[in-house]
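Colleague: predicted model, plus sequence, below.
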Amino acid sequence: MNSVTQHLSKLRDQAIPALEPAGGARIRRRSIATAAAATVLTLASIALAPAVIAKDRHDDGHWVGTWSASPQPVATPIQINGQTVREIVHTSLGGNRVRVRLSNAYGTSGLVIGSAHVAVSAGGGSIAPGTDRTLTFGGSATITIPAGALALSDPVDLHVPSLGDLAVSLYVPENVAATTQHSGGLQTNYISTPGNFTGAITVATTSTQSYYFLTGVDVRASERARAIVTLGDSVTDGFGSTADTNQRWPNLLAERLQSRWGTSSVAVLNAGINGNRVLHDLVGTSALARLDRDVLVETGVKYVIVLQGNNDFGIPGLIHNPAEEVTAEQLIQGHRQIIDRAHALGLTVYGGTLNPIEGIVGFPGFYTPALEAKRQAVNQWIRTSNAYDAVIDFDKVLRDPSQPARLLPAYDSGDHAHPNDVGCKAMADAIQLSLFRDDDED
């Protein structure tokens, strides 16, 4: 194994954090599109087949995502053999019906789900009595998900609270390498002893902070319900915040929305992956390659917030791979692709400036003066180009005024790159809620 491969394996095992924006909010709204442009966008939306996935069925109510976790491959998957996986998700928006989305994106053979249930969590690995619901797939209690495919459950009646916890339990009857997961999710999940415990109140378990096969939860909500998808790396995924407390900045944004409007109809979906890059794969598929799957076809998506780029600049030095070095111009081109593809589907896209990372601990070779120059160039473009529909100046909020290339100590989780709980709150507080308000919403 050559040195690059060794580095890659090590990085995957550590689930490298990604470094991205945080922050303030300086708004530049776009002018209203012309009728001709609107026609072009409509035709483009029709032409893009993946968008069909996110459309509501006229006879099935209005659906919107309330939680998501982007799937990623794993270098050394765990084996799940005739066991139940109980996974806890923290909702952003409530509803009266629920369905779940499962993924075998990185599997090499069919994934058999022998049983699946959803319930209100009672804390830990337990569920609230009377809330357990059996999930079906086209009327069947079992499903085999082909390699690379997704599966959407049939909806079930369940009162899903906003900012509450659900437990999704999956029984995997065969010996399966869990190659599709979301690592570093900062949420304790549970893997049972052998047996089908999907409907059990409690399960005897071992714990993990990864999600396996579960990638989304949708609720049926009001007709004007809509979702924000936050696309990013470890800063968006919550690295540096406190586990099991939902202090990631997207969670805190969802709390602000509910607090501000009381019964907000805006959901917040997290599409962050630790170590993710815009232009190259590493820990997870690149942002450009996963954009359709993780963002553009999310159920009910209307807005996108993009916070990504520091990893593109720093990881080549970390893994000693000059072939993957990225210029500021190349990263800007990647951001433009995200914007253009989202606009083609009629979405509104907000750009977050890249957060400061000077002094990053534990990743030798990541930070250099050249990285800082590129970061400043990209941030200047985000602030002044008017390419994004609005700018959220995370850099301005998180930086130390006396040392602008560094995080403010009060916001530093300890590695000088990732915000702590207080920093995540500062990020969420810096986002103007009016960016997500419908014209008819008070």
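Modeller: Now that the structure is in, tell me what you want to look at.

Colleague: use CA for all of it now, contacts and neighbours both
Modeller: OK.

Colleague: tell me the contacts of the nearest residue to Thr327 once chain neighbours are set aside?
Modeller: Using Cα to Cα, 6 or more residues apart in numbering and skipping the chain neighbours, the partner closest in space to Thr327 is Lys374 (7.0 Å). Residues near Lys374 by Cα atoms under 8 Å, 6 or more residues apart in numbering: Phe313, Thr327, Ala328.

Colleague: got the buried residues for the helix or strand hosting Lys374?
Modeller: Assigned by DSSP states H and E, Lys374 belongs to helix 369-384. Residues of helix 369-384 classed as buried: Leu371, Glu372, Lys374, Arg375, Gln376, Ala377, Val378, Asn379, Trp381, Ile382, Arg383 (neighbour count, 16 or more other Cα atoms under 10 Å).

Colleague: so which of these is the closest to Val217?
Modeller: Of all the buried residues of helix 369-384, Ile382 has the smallest distance to Val217: 31.8 Å, by Cα to Cα.

Colleague: which residues of the stretch 251-400 of the chain fall in strands?
Modeller: According to DSSP state E, counting those that start in this stretch, the stretch 251-400 of the chain carries its strands in the segments 266-272, 301-307, 348-352, 390-393, 399-400.

Colleague: would you turn these into a markdown table with distance to Asp415?
Modeller: A markdown table is the format used below for the strands of the stretch 251-400 of the chain (distance: least, Cα to Cα, whole Å):
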| stretch | distance to Asp415 |
| --- | --- |
| strand 266-272 | 19 |
| strand 301-307 | 19 |
| strand 348-352 | 21 |
| strand 390-393 | 21 |
| strand 399-400 | 14 |
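
Colleague: pick the most buried one from those strands.
Modeller: Most buried of the strands of the stretch 251-400 of the chain, by mean neighbour count (mean count of other Cα atoms under 10 Å): strand 266-272, with a mean of 29.

Colleague: what's in contact with that strand?
Modeller: 64-70, 92-93, 225-237, 250-251, 253-254, 257, 294-295, 436.

Colleague: coming back round to it: who wins for most neighbours among the contacts of Lys374?
Modeller: Counting neighbours by other Cα atoms under 10 Å, Phe313 comes out on top of these with 25 neighbours.

Colleague: now that residue: how far from His418?
Modeller: 16 Å (Cα to Cα, to the nearest Å).

Colleague: just Pro77 next, same as before
Modeller: 26 Å.

Colleague: and those two? Which one has more around it.
Modeller: Counting neighbours by other Cα under 10 Å for Pro77 and for His418 shows that His418 has the greater number, 31 against 13.

Colleague: rewinding a little: among the contacts of Lys374, which one lies nearest to Val217?
Modeller: Phe313 (33.3 Å).

Colleague: how about the contacts made by the closest one?
Modeller: Counted by Cα under 8 Å, 6+ apart, Phe313 has contacts Glu325, Val326, Thr327, Phe366, Leu371, Lys374.

Colleague: of all these, which comes closest to Leu279?
Modeller: For these, the nearest to Leu279 is Val326 (8.4 Å; Cα to Cα).
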